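Undergrad: coords below, sequence missing:
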């Protein structure tokens, strides 16, 4: 093909609007152009032709939405294979395929794709507390609107409010926050709170502990009932005993129970069916 004919074919393909054609039509158009341009009978190679061809292919990818915002692929483009939704009025406890744990708040849902243990990407709509299993080879990513939370092993809360404001509260470990379209990264340490709304990001502190200063043990029991959903039964002689203790607001229930047991030399039994803890 002479240069004039090549330029005409190239300009014709370049001016096409990829969004107006089906994938089959675009593939056929490319094949037609390729056969006409790089016919087998032409053995003489001209490197600039391959550069031009690459430009056309890039344009086609832009038209189909595969390439945008300077990234090869959309990071949060998850093909959801599993969707878990909490339509109840209480927290829903979920164990993910990689053994990470999620406390899914009411009116919230999470979704993730196949082979989650190897590709730990999850989307959230609403609010959830994550306790992530450590796996340095497979970072854990949570996508919420335009924010991405990347972790290796930690515990944190991700929440999207009704006005689409995103907040991330870190209780343990370390996380990295990214916002779509921005190069800046935020590294959170325990006690940090990341907020993103109206295209603005901020980093503040929050109190991740609750303190009981010389409080009755029955007050701690009430806290357990209200926050973990387990009824606590204490011996009468221990009800008014005083306790001074600091508890991580997202501490494992069993850790708290064991601590109380050791402090007061008590045995305990947890009945999962009745959601009841009995000290004796």
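TA: Noted; the coordinates are in hand. Predicted, not measured: the structure shown is a model, and the values here were computed from it. Residues are numbered from 1 along each chain as shown.

Undergrad: List the buried residues in stretch 113-130.
TA: Within stretch 113-130, the residues that qualify as buried are 113, 116, 120, 121, 122, 123, 124, 126, 127, 128, 129, 130, counting by 16 or more other C-beta atoms under 10 Å. No exception for glycine: its C-beta is placed from N, CA and C like everyone else's.

Undergrad: Same list, these, but as JSON lines with distance to residue 249 and secondary structure please.
TA: Formatted as JSON lines, the entries for the buried residues of stretch 113-130 read as follows, by distance: C-beta to C-beta, whole Å; DSSP: H, G, I helix; E, B strand; the rest coil:
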{"residue": "113", "distance to residue 249": "31", "secondary structure": "coil"}
{"residue": "116", "distance to residue 249": "27", "secondary structure": "coil"}
{"residue": "120", "distance to residue 249": "25", "secondary structure": "coil"}
{"residue": "121", "distance to residue 249": "27", "secondary structure": "strand"}
{"residue": "122", "distance to residue 249": "22", "secondary structure": "strand"}
{"residue": "123", "distance to residue 249": "25", "secondary structure": "strand"}
{"residue": "124", "distance to residue 249": "19", "secondary structure": "strand"}
{"residue": "126", "distance to residue 249": "19", "secondary structure": "coil"}
{"residue": "127", "distance to residue 249": "14", "secondary structure": "strand"}
{"residue": "128", "distance to residue 249": "15", "secondary structure": "strand"}
{"residue": "129", "distance to residue 249": "10", "secondary structure": "strand"}
{"residue": "130", "distance to residue 249": "14", "secondary structure": "strand"}
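
Undergrad: quick one: average confidence on whichever strand or helix holds residue 210?
TA: Using DSSP states H and E, the element containing residue 210 is strand 209-216. Within the predicted structure, the mean pLDDT of strand 209-216 is 93.

Undergrad: closest to residue 92 among the buried residues of stretch 113-130?
TA: Within the buried residues of stretch 113-130, the smallest distance to residue 92 is 9.2 Å, found for residue 128 (C-beta to C-beta).

Undergrad: I figured that closest one was touching residue 105, is that so?
TA: Yes: using C-beta atoms under 8 Å as the test, residue 128 is close enough to residue 105 to be in contact (6.3 Å).

Undergrad: So which of the buried residues of stretch 113-130 is the closest to residue 245?
TA: Minimum separation from residue 245 among the buried residues of stretch 113-130 (C-beta to C-beta) is found for residue 129, which lies at 21.3 Å.

Undergrad: and the residue lying closest to residue 184 once chain neighbours are set aside, what is it in contact with?
TA: When the adjacent residues along the chain are set aside, residue 184 lies closest to residue 201, with 7.6 Å between them (C-beta to C-beta, 6 or more residues apart in numbering). Neighbour list for residue 201: 177, 179, 182, 184, 186, 194, 195 [criterion: C-beta atoms under 8 Å, 6 or more residues apart in numbering].

Undergrad: strands paired with the helix or strand hosting residue 201, and their directions?
TA: Residue 201 belongs to strand 200-205 when elements are defined using DSSP H and E. Sheet pairing here is set by DSSP bridges, and for strand 200-205 it gives strand 192-197 (antiparallel).

Undergrad: Run through who's touching the partner strand.
TA: Where contact means C-beta under 8 Å, 6+ apart, the residues beyond strand 192-197 that reach it are 145-147, 161, 163-170, 177, 179, 186, 188, 201-206.

Undergrad: if you set the cut-off to 10 Å instead, what comes out?
TA: Residues outside strand 192-197 that contact it (C-beta atoms under 10 Å, 6 or more residues apart in numbering): 144-147, 149, 156-161, 163-170, 174-175, 177, 179, 182, 186-188, 201-208.

Undergrad: Tell me the buried residues in it?
TA: Neighbour counts over strand 192-197 (16+ other C-beta under 10 Å) mark 192, 193, 194, 195, 196 as buried.

Undergrad: Where does pLDDT dip in the protein?
TA: The chain contains residues with pLDDT under 70 at 1-79.

Undergrad: how is it carved up into domains?
TA: Described in terms of automatic domain parsing, the domain architecture of the chain consists of the residue ranges 3-63, 82-205, 210-279.
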